[in-house]
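A.B. asks: Next come a sequence and a model predicted from it.
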Amino acid sequence: MEFDYTQNLIRRSRLIMPANERKYVEKAHLRNADAVVLDLEDSVPVSEKVATRAVLKDSILLAGKGGSDVLVRVNHTNELLKGDVEASVWPGLDGIFFPKVETGEQVRALDRLLTELERKRGIPPGQVKISIIAETLKGYLNVEETTSASDRIDSLSLGTEDFATNTGMELSEATYHGWLIPRMQIVFVAHAYGKLPLNLLGSMAGFSDTVGFEKMAVLSYKHGFLGSSCIHPGNVEILNRCFSPTQEEIEHSRKLIDVFERSLAAGRASTTLDGRMIDYPHYERAKQILARSAKIEALEQRKNMARRAVTGG
């Protein structure tokens, strides 16, 4: 059976920062993001893209000091892709953030390159994962093909800003319901193939409106997303909180499990809780919530220990 990242990987917050700005990279370990993305693409000027490759090996270790996973977002162009990947794959790298994916063959070609680089650089086979992002209409229409193209793929996202440009769709409250179509397709395909669906039901560009950002994150979690990217460190804790089970959810899940297991012991596979019928689907969902909560707690402990080792605190 394929590995199910939705049950085994926590990535509530994925903080994207320009790889050419060392002042940001040096502080990455303090941000408490589940993952840090060193960006070679949109946030780096064309004139600096190739030169920035030279700092990646060191930056990967810097960014990972706080226990966060570390990814590099590469440029998906014929001129830059191979060189970007070759400059990125070093011990300490957890994944390649692969933008503008349109076909399964593009994913398989990246997989082959990663396999070669892992072998050359003493990295365990399959360690470097692929986070894919559909940003064009063609990429969206082929999203099931691309998502199933490699076992390395751990997450799936819709590149909202680029997708809006490519399709001519307006990003506004007036078009919210229309945007649900591609966004929910991402949720459905990702869950079907055991990949993390990482997105907001809106744009992450509005980072300064923290109240609106939090409402959007809560709504996104309710729609099945398990995390999101962000571009400002001030949004990290919002994402960590909103994509975690609430204390109320945890307590309700424990109560439901107890009631249902007592019902099973009495020979009944359905019962009631708080005036509502519960059966196996509710039981399984409750177990998932508790398992996610436990994995989040373990991740937070890991990050805290890593930061204390660095700061001495």
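C.D. replies: Received it, and whenever you're ready, just let me know what you need.

A.B. asks: what number of residues lie near E86?
C.D. replies: Residues near E86, counting by other C-beta atoms under 10 Å, number 17. For glycine as for every other residue, the C-beta is placed from the backbone atoms N, C-alpha and C.

A.B. asks: was I right about it contacting L117?
C.D. replies: Yes. Using C-beta atoms under 8 Å, E86 makes contact with L117 at a distance of 6.6 Å.

A.B. asks: the strands in the stretch 1-150 of the chain, which residues?
C.D. replies: Taking DSSP state E, counting those that start in this stretch as the test, the strands found in the stretch 1-150 of the chain are 13-18, 35-39, 69-73, 95-98, 129-134.

A.B. asks: any chance you could map the helices in the stretch 101-250 of the chain?
C.D. replies: Assigned by DSSP state H, counting those that start in this stretch, the stretch 101-250 of the chain shows helices spanning 104-120, 137-141, 143-147, 160-167, 176-192, 210-222, 236-242, 247-265.

A.B. asks: Quick one: residues contacting the closest residue in space to S263 that isn't next to it in sequence.
C.D. replies: Distances taken as C-beta to C-beta, 6 or more residues apart in numbering place T271 nearest to S263, at 3.8 Å, with adjacent residues excluded. Applying C-beta atoms under 8 Å, 6 or more residues apart in numbering to T271 gives the contacts 259-260, 263, 277-279.

A.B. asks: on that earlier part again, the strands of the stretch 1-150 of the chain into CSV, with extra columns for mean pLDDT, mean neighbour count and distance to L62?
C.D. replies: Below are those laid out as CSV (pLDDT from 0 to 100; neighbours: other C-beta atoms under 10 Å; distance: least, C-beta to C-beta, whole Å):
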stretch, mean pLDDT, mean neighbour count, distance to L62
strand 13-18, 98, 24, 11
strand 35-39, 98, 27, 9
strand 69-73, 98, 27, 9
strand 95-98, 98, 25, 17
strand 129-134, 98, 26, 20
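
A.B. asks: between these, which gets nearest to K82?
C.D. replies: K82 sits nearest to strand 95-98 of all those, at 11.8 Å, using C-beta to C-beta.

A.B. asks: Perfect, that will be all.
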